[in-house]
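>>> Pasting the sequence and the predicted model now:
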Amino acid sequence: MNDNLIELRAEVREWLAANLPANWRDRMTGTDGPGFVTFQREWFAKVAASGYATPHWEKGWIGGGRSLAEQVVIFEEMARADAPRLLLHFLSLYHAAMTIGHWGTEEQKKKHIPAILEGKIWCQGFSEPNAGSDLASLRTSAVRQGDKYIVNGQKIWSTMGQYADWCLLLVRTSSEGPKQAGITYLLVDMKSKGITPRPITQITGDEEFNEVFFVDVEVPVENRLGGEGEGWKVAQTTLASERGLTVLEFAERMHCAIWRLLAALKEGGHLGDTQFRREAVCVQIKIEALRAMVADSMRLAEIGREPVGASSMIKQFYAATLREFTQLGLRAQGMTGQLSSPLILGAGHETGNWMFDFLNSYMWTIAGGTNEIQRNIISERVLLMPREKMS
Amino acid sequence: MSSVDQSGVSPDELGALARRALSEQTKRRMSYDTGASSAASRFWPSAAELGWLLLTIPEDKGGLGQDFSTLSALYIELGRALSPLPLLHSMMAVDAVLASNSNASDEILAAIGSGKAILAVQLPNCSPVTARAEGSELLLEGKLANVYFPANATHLLLFARDGSEILVVLAAVDNRCVTVTARETWDWTRELADIDLRGCRVSADAVLARGKSASDVLVHVKAHFDLSIACDSIGGAEQILMETVEYSKVRRQFGREIGSFQAIKHRCADMKTWLEAAKALTNAAIRRFVAGEYGSPLIGSAKLYASQTYREIAMDAVQIHGGIGFTWEHDCHLFLKRALLNEQLGGSAEQYKDSLFEPFAALAESR
């Protein structure tokens, strides 16, 4: 192992020992929205100041320019210390920062990227009630009026939309030609007049997602990201950041949470049960395979050679593995798992509330392109099988 | 002429060269036409000439000094070609000889490297035979049932037990005391046999290692075995998946290619995903092996997961091909049978899982 990695590991570990609030799980167990937001902001401010929130950013930004191996070390240490996830600022740090960094004008970058570090919260307005897997059929419209767009429509599944300052919004500026061609990407101030977010209560009881309504919302043309009609292309950067970098953190988190699974086996009295033991091994093997896939793809991405469809395969495999992991933990609990227990907000996908974790795992087989859509992508773009008929 | 020069060759390059050599000089069905050992013998001199048998022998011992990551490319290609070549046995023996540091090593390495010695290695999951010292000799007794055994082997590498001590023994196959009974198998690309050692006397020099050092050799050879089967499985799985996908693009029913139906596409997409997962896992495990971490649970995991994935892909291949896949004439079953054997060689999936639980639990605890 490389010396600077060992040093970094020690440094992160030391930082966590000094800065991780010891009682954060208790504070977040059964908390409400405002309690969650207050805590997330406090934690984000600390992590951002240390540079550990932005190892994937370019060199020059605080903490930026870290190699893949260094990023893994940081994620590993955060996971190992059972640190809270940066859930509230997640989309800002990844989706928003990566997309604006890639497509933004100098003014847009100057305005938004430092603001993300200061804690501005972004949400994403992509999906609509009738444009889920078929995202390109979205209908929220933006009509140009002088130096403004007037936006009308409805978005759904906006993570943390109820707390967001800004929104990455996909709108339709034209219905001519192929449906992808009429899409434009806007950066929208959530305090604009005419925007109403409404939290959606999920199958877990949690309210992470929102519907967002837009009625005659005025968006300055200078807030357009990329050209008019280029929105689909720009959106691919957002989606790619979701499937690539973020899975790295998720894979490390699941890897470091294996002890929770073993603890569930122990508490359920199954440590000597051959069936449970074998299933636990199968899950651990898949987690190792997932980590290896993510690491391989990141190594290739670093040298600019990302194989077609790799992110779809990784996302699909992650989702399936998380389902298996959480389902096994829930089964190990037996009847205890059927008793409702308080949620632990911001604790990631492996909170140890196994019913919550299991139900929440559907997020990953559905959001960001369902597993079925990933299979279409893999079969058509990687295996070059005949395409579905498209409308 | 050697395809591997002293400066080394990347696994990708070696894989491409091996693929060409195998497709030019061998046929997929040759084991089914002439039997595995006869087909393997025909290609053996070429394998030696190509430098394959020298690959992992150190340069100062006349070899090419490559590590397992290079060798893995050959295993993948042998799997892809459904080759009967028992390269694995000779290469496991090279590792065993090098790891045990015995005096006789140079001579036997030269014989392996030139192809003169054809090795049969007792797979590490078989119970050891018994050994008893008698003067300057060692008396070996024992039976091994259904073992993967190249029929024309000249040398045997055995794991024996003398009381509580494990020995690694390398002996020439002596027909007077070693009875090899070939067993007919479903997979014709590999040969299984029952081995009966009855009062087999070998010189004490035949002991390559004993005690702790023999146990280390055992772990090392097992790791080599696991990774070779993982690679073989990846090569076979990649090939049959590709052939299945290609078939689905030309076979038409209801006026369209069957590969345009989601029922087919989604299965192929899943298979591709599992295959990529198996490859990534195997490569990660190979890095552990190269780093000398022969006991890493990733290594057994790679064998288990890759062979399971191969079997699942080969099963689906028969189904997706439909009626033609059910015929002897079509190649689907050749892959399926090799996959089924790969999954059992070295121990069942259940045995692997049972042996992996504790090491994984220990890792989780140490984090």
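Done, it's in.
>>> Please name every helix or strand in contact with the helix or strand harbouring B:H89.
Per DSSP states H and E, B:H89 falls inside helix B:87-100. When contacts are defined as 3 or more Cβ pairs under 8 Å, 6 or more residues apart in numbering or on different chains; DSSP states H and E, helix B:87-100 packs onto helix B:68-80, helix B:105-114, strand B:119-121, strand B:155-162, strand B:165-172, strand B:207-210, helix B:212-250. Yep, even glycine has a C-beta here, placed from its N, CA and C like the rest.
>>> repeat that with 7 Å
Under the contact definition 3 or more Cβ pairs under 7 Å, 6 or more residues apart in numbering or on different chains; DSSP states H and E, helix B:87-100 sits against helix B:68-80, helix B:105-114, strand B:119-121, strand B:207-210, helix B:212-250.
>>> For A:S174, grab phi and psi.
According to degrees, to the nearest 10, the main-chain angles of A:S174 amount to phi -160, psi 150.
>>> ranges for the helices of the stretch 1-150 of chain A?
Along the stretch 1-150 of chain A, the segments classed as helices by DSSP state H, counting those that start in this stretch run A:3-19, A:24-28, A:33-50, A:68-80, A:90-91, A:97-103, A:106-117.
>>> and the helix or strand containing A:Q236, is it in reach of chain B?
Remark: A:Q236 resides in helix A:231-243, with elements defined by DSSP H and E. No - using Cβ under 7 Å from any Cβ of the partner chain, we find that helix A:231-243 stays clear of chain B, coming within 13.3 Å at best.
>>> what about dumping the CA coordinates of whatever helix or strand comes next after that helix to CSV?
Sequence-wise, the next helix or strand downstream of helix A:231-243 (DSSP H and E) is helix A:245-256. Output in CSV follows, covering the C-alpha atoms of helix A:245-256 (Å, rounded to 0.1, in the frame of the first residue of the first chain):
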residue,chain,number,x,y,z
LEU,A,245,-19.1,8.4,-8.5
THR,A,246,-22.1,7.9,-6.2
VAL,A,247,-22.1,4.2,-6.5
LEU,A,248,-18.5,4.2,-5.2
GLU,A,249,-19.7,5.6,-1.9
PHE,A,250,-22.7,3.2,-1.8
ALA,A,251,-20.5,0.2,-2.5
GLU,A,252,-18.1,1.2,0.3
ARG,A,253,-21.0,1.9,2.7
MET,A,254,-22.5,-1.5,2.1
HIS,A,255,-19.1,-3.2,2.4
CYS,A,256,-18.5,-1.6,5.7
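>>> Which other helices and strands does helix A:245-256 contact?
Contacts of helix A:245-256 with other secondary structure elements, assessed using 3+ Cβ pairs under 7 Å, 6+ apart, are made with helix A:68-80, helix A:274-302, helix A:310-333.
>>> Quick one: closest of the helices and strands packed on helix B:87-100 to chain A.
Proximity of those to chain A was assessed by Cβ to the nearest Cβ; the nearest stretch is helix B:212-250, lying at 4.9 Å.
>>> Measure how that closest one sits relative to helix B:87-100, angle-wise.
Using axes from the mean of the first three to the mean of the last three Cα atoms, to 10 degrees, the interaxial angle of helix B:212-250 with respect to helix B:87-100 works out to 150 degrees.
>>> Now B:D316: closest residue in space, sequence neighbours ignored.
B:R267 (5.7 Å; Cβ to Cβ, 6 or more residues apart in numbering or on different chains).
>>> doesn't B:V318 make contact with B:T244?
No - B:T244 lies out of contact with B:V318 (Cβ atoms under 7 Å); the separation is 9.1 Å.
>>> Those two: which is more packed in?
For B:T244 versus B:V318, neighbours defined as other Cβ atoms under 10 Å in any protein chain shown are more numerous around B:T244 (26 against 18).
>>> In terms of pLDDT, where does that one sit?
With respect to pLDDT, B:T244 has a value of 98.
>>> Repeat that for the one 3 residues further on.
On pLDDT, B:Y247 comes in at 98.
>>> distance of the residue of chain B most remote from its centre from B:C268?
Within chain B, the residue lying farthest from the chain centre (Cα atoms, centre = their mean) is B:G255, at 43.5 Å. Note on B:G255: its distance to B:C268, by Cβ to Cβ, to the nearest Å, is 20 Å.
>>> isn't A:M355 right next to A:G337, touching?
Yes - under the criterion of Cβ under 7 Å, A:M355 makes contact with A:G337 at 5.6 Å.
>>> Overlap of the contact sets of those two?
A:L330 (Cβ atoms under 7 Å, 6 or more residues apart in numbering or on different chains).
>>> now the helices and strands packed on helix B:87-100 in a markdown table, with distance to A:F213?
Converted to a markdown table, the helices and strands packed on helix B:87-100 look like this (distance: least, Cβ to Cβ, whole Å):
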| stretch | distance to A:F213 |
| --- | --- |
| helix B:68-80 | 55 |
| helix B:105-114 | 75 |
| strand B:119-121 | 70 |
| strand B:207-210 | 75 |
| helix B:212-250 | 45 |
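>>> Get me the contact residues on chain B for chain A.
Counting by Cβ under 7 Å from any Cβ, the residues of chain B close to chain A are B:245, B:248-249, B:257, B:259-260, B:265-266, B:268-270, B:272-273, B:276-278, B:280-281, B:283-284, B:298, B:301, B:304-305, B:350, B:353-354, B:356-357, B:360-361, B:364-365, B:367.
>>> Can you list the strands that the longest strand along chain A pairs with?
Scanning chain A for the strand with the most residues, using DSSP state E, yields strand A:209-220. Neighbouring strands of strand A:209-220 in its sheet, by DSSP bridges, are strand A:148-156 (antiparallel), strand A:195-200 (antiparallel).
>>> What residues of it count as buried?
Residues of strand A:209-220 classed as buried under the neighbour-count rule (16 or more other Cβ atoms under 10 Å in any protein chain shown) are A:209-214, A:217, A:219.
>>> tell me how far that strand is from the chain's mean position?
In terms of Cα atoms, centre = their mean, to the nearest Å, the centre of strand A:209-220 is set 22 Å apart from its chain centre.
>>> So for it, mean pLDDT?
Regarding strand A:209-220, the rounded mean pLDDT is 97.
>>> Give the next helix or strand downstream of that strand.
Next in sequence after strand A:209-220, counting helices and strands by DSSP H and E, comes strand A:224-225.
>>> Which elements pack onto that following strand?
Strand A:224-225 sits against helix A:97-103, strand A:183-189, with contacts defined as 3+ Cβ pairs under 7 Å, 6+ apart.
>>> Same list (these) but as TSV, adding mean neighbour count and mean pLDDT.
Listed next are those as TSV, based on neighbours: other Cβ atoms under 10 Å in any protein chain shown; pLDDT from 0 to 100:
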stretch	mean neighbour count	mean pLDDT
helix A:97-103	21	96
strand A:183-189	23	98
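>>> so which of these gets nearest chain B?
Distances from chain B to each of the helices and strands packed on strand A:224-225 were compared using Cβ to the nearest Cβ; the shortest belongs to helix A:97-103, at 23.7 Å.
>>> Tell me which other helices or strands the closest one touches.
Judged by 3+ Cβ pairs under 7 Å, 6+ apart, the packing partners of helix A:97-103 are helix A:106-117, strand A:224-225, helix A:231-243.
>>> Pipe these into TSV and attach mean pLDDT and mean neighbour count per row.
Formatted as TSV, the helices and strands packed on helix A:97-103 follow (pLDDT from 0 to 100; neighbours: other Cβ atoms under 10 Å in any protein chain shown):
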stretch	mean pLDDT	mean neighbour count
helix A:106-117	97	16
strand A:224-225	98	24
helix A:231-243	86	20
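>>> need those in CSV with distance to B:E77, can you?
Written out in CSV, the entries for the helices and strands packed on helix A:97-103 read as follows (distance: least, Cβ to Cβ, whole Å):
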stretch, distance to B:E77
helix A:106-117, 48
strand A:224-225, 47
helix A:231-243, 32
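>>> Of those, which is nearest A:K155?
With Cβ to Cβ, the closest approach to A:K155 among those belongs to helix A:231-243: 13.1 Å.
>>> Next, the residues that contact the closest one from outside, please.
The contact list for helix A:231-243 (Cβ under 7 Å, 6+ apart) reads A:94-95, A:98-99, A:102-103, A:126, A:136, A:168, A:170, A:180, A:183-185, A:225-226, A:311, A:314-315, A:368.
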